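*Asks:* coordinates for the following, if possible.
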Amino acid sequence: MLGTKVPASRINDKIQQYLKDFVICPECKRPDTKLEKDDNVTFIKCSACGAKHAVKVRI
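*Replies:* Purely as a prediction, here's the structure:
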């Protein structure tokens with residue numbers, strides 16, 4: 001893919017999806033989160049509201 005032009009809209013879509021999946025809390029919509037791993041499951045834990053949700057990790 002080197003030398004291939006990628007539309008800015010596609011890059012922005014990927015960034016937005018990453019934020020939704022790994023940064024923004026699904027409960028309070030704040031970015032005050034961290035990823036925690038418990039056994040084979042990764043969780044997003046919110047420091048603001050205390051919510052904890054499993055993260056879908058894509059391989």
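*Asks:* for the residue nearest to the spatial centre of the chain, what are its contacts?
*Replies:* When the chain is reduced to its mean C-alpha position, the nearest residue by CA atoms, centre = their mean turns out to be Phe22, at 1.6 Å. Contacts for Phe22 (CB atoms under 8 Å, 6 or more residues apart in numbering) come out as 35, 44, 55. All C-beta atoms are positioned from the backbone trio N, CA, C, and that covers glycine.
*Asks:* for the helix or strand where Lys45 lies, packing partners?
*Replies:* For Lys45, the element it lies in under DSSP states H and E is strand 41-46. With contacts taken as 3 or more CB pairs under 8 Å, 6 or more residues apart in numbering; DSSP states H and E, strand 41-46 sits against strand 33-38, strand 52-54.
*Asks:* what pairs with it, parallel or antiparallel?
*Replies:* When pairs are called by DSSP bridges, strand 41-46 turns out to pair with strand 33-38 (antiparallel), strand 52-54 (antiparallel).
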